[in-house]
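Asks: with the sequence up front, the predicted model follows.
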Amino acid sequence: MPIGPTVRALFGPYERQVADLYRSVFIDLDDFLRQVQHWAPAATRILEAGCGEGAVTERLAAAFPDAEILAIDISPRTGRLYRGRTKGVRFRQASVEDVASQQPARFDLVVMSDVLHHVPATMRRDLLAAIGRAMAPGGRFIVKDWERSATPIHWACHAADRWLTGDHVAHVTPATAKALVTGAVPAIHPVAEARVKPWHNNYAVMFA
């Protein structure tokens, strides 16, 4: 059973500040968004798959002020800590498969950040194939995830993911992520890769 909801409830009105501080130990989201902007500067219709409480969404909304953003998650209370613009930004409790069937070939940018290692191996292909169906022709897909390493920061990250979420997390290498995506969506290919501060474990790959 995940302990995350119980831990978060302890912080009351300070939950957002604590969540931001906790997240910053593992990833610099501003650095990630700079990379997203560099790779997809002209994005106008963005799908964020697995948006959680809205931390990445908030930065996407600021980085792409004129873009239409749909942020989805299968968990309830999607985007509950979001404090960004409201015009043009929507949150939905939905799966990627739902969106792909309702809005096929719509999004010129799909972003999925720190989601893949939470997805059971048997479900990854279907998830990624749905992302491919949601992408517009010529669209771009950016996946950000965490690579396993024999370091204290990795085990801290793994333990936090495992016990706060209750998921049986399984981290994948960039090479495995590339193979998974291209296997599920043969029409796109990895065209760029970067590491995201502050840890080398953080990687991002763009497919187009």
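Replies: The structure has been received and is ready for your questions.

Asks: quick check: Arg124 touching Leu180?
Replies: Yes: Arg124 is within contact range of Leu180, at 5.6 Å (criterion: C-beta atoms under 8 Å). C-beta: built from backbone N, CA, C; applies to glycine.

Asks: could I get the full set of strands for the chain?
Replies: 45-49, 68-73, 89-93, 107-113, 135-146, 190-195, 202-207 (DSSP state E).

Asks: redo these as TSV? Include mean pLDDT.
Replies: Listed next are those as TSV, based on pLDDT from 0 to 100:
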stretch	mean pLDDT
strand 45-49	99
strand 68-73	99
strand 89-93	99
strand 107-113	99
strand 135-146	98
strand 190-195	99
strand 202-207	99
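
Asks: okay if I get those strands as CSV plus mean neighbour count and distance to Glu15?
Replies: Shown next, in CSV, are the strands of the chain (neighbours: other C-beta atoms under 10 Å; distance: least, C-beta to C-beta, whole Å):
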stretch, mean neighbour count, distance to Glu15
strand 45-49, 24, 21
strand 68-73, 22, 17
strand 89-93, 16, 18
strand 107-113, 25, 20
strand 135-146, 20, 23
strand 190-195, 15, 29
strand 202-207, 22, 24
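
Asks: nearest to Tyr82, of those strands?
Replies: Proximity to Tyr82 (C-beta to C-beta) singles out strand 89-93 among the strands of the chain, at 7.1 Å.
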